[in-house]
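Engineer: Next come a sequence and a model predicted from it.
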Amino acid sequence: MNHKTSSKIYALGIVAHPDDETFLFAGTCLKFKEKRLNTAVICATKGEKGADRLNRNLTKKQMATERMAELKKAAKIMELSFVKFYNYKDGGLGDADQPGLVSKLVKELETFQPEIVLTFGKEGISGHNDHIAIGRAALAAVRKSKFKPKEIWLASMPASKIKNFNANLAKRKVHHSHFRKQILKGVADNKLLKINIKKFRKEKEAAIRTHKSQYLPGMIMDNFLTQEYFEVVKIKP
Ligand SMILES: [Zn+2]
């Protein structure tokens, strides 16, 4: 056993794209860190199909390089212990070999033994197929792993905010083929753990700014700069 508790990973984030980590749980990670609890992130794709909002006509390869660098900068702000990238196709996570993805994640859980897993809930926040696929794979991995985290925190949109969120999404140019067609419902507010991150708003904004190929100023709803929302699933040992 490693007795240096300061190097232990308390929370393992499992996401689909560079920038998911910032949007879903930047503030929560900093709150953990304040209690000397470490977070690390596994990102299944390199985000090569990202939006290129700076209109630089990047190739997919350049976009992947750019986005990995952006995530590494955000990781410094979020004080992550490490970031690990897989090489799945951006936009193709749902079509990838699911048992293969799940067993990779099982290995990570057994290696790092986090107490909490942070990932996407069933609507994948925005309905993006990659988000839904990685959330499902992370949940399957937790169920299959010999090591059991105590809880899995599924980032979710509160039902009370979903109308505004849908309107906000509609304003953003996204690859519509990657999104579910059905209308997002969110999760009932009383089922969600709300983490107040007001104290770390500046850091979250700074982390968002590192993802400059994806977000223009003002693109994130104010609400997500002060709160993060999770449906907590307790895992039986
Ligand atoms: Zn994403």
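Structural biologist: All right, it came through fine.
Engineer: The helix-or-strand element of the chain with minimal mean pLDDT and the ion in contact?
Structural biologist: None of the helices or strands of the chain scores lower by mean pLDDT, DSSP states H and E than helix 162-171, at a mean of 80. No: shown here: helix 162-171 not in contact with the ion (CB under 5 Å from the ion), separated by at least 12.1 Å. Every C-beta, even on glycine, is put in place using the N, C-alpha and C of the backbone.
Engineer: can you pull out the helices in the chain?
Structural biologist: 20-34, 60-77, 98-112, 124-127, 129-144, 162-171, 201-210 (DSSP state H).
Engineer: And these: which comes nearest Lys236?
Structural biologist: Proximity to Lys236, assessed across the helices of the chain by CB to CB, is greatest for helix 129-144 (9.8 Å).
Engineer: which non-adjacent residue is nearest the residue of the chain found nearest the ion?
Structural biologist: Closest residue of the chain to the ion, CB to the ion: His17 (3.5 Å). Leaving aside its sequence neighbours, His17 sits nearest to Gly47 (CB to CB, 6 or more residues apart in numbering; 4.4 Å).
Engineer: Now do the contacts for that neighbour.
Structural biologist: By CB atoms under 8 Å, 6 or more residues apart in numbering, the residues touching Gly47 are 17-19, 63-64, 67-68, 90, 214.
Engineer: one more time with 7 Å
Structural biologist: Gly47 makes contacts with 17-18, 63-64, 67, 90, as judged by CB atoms under 7 Å, 6 or more residues apart in numbering.
Engineer: Dihedrals phi and psi, it?
Structural biologist: Dihedral angles of Gly47 (phi, psi; degrees, to the nearest 10) stand at phi 70, psi 30.
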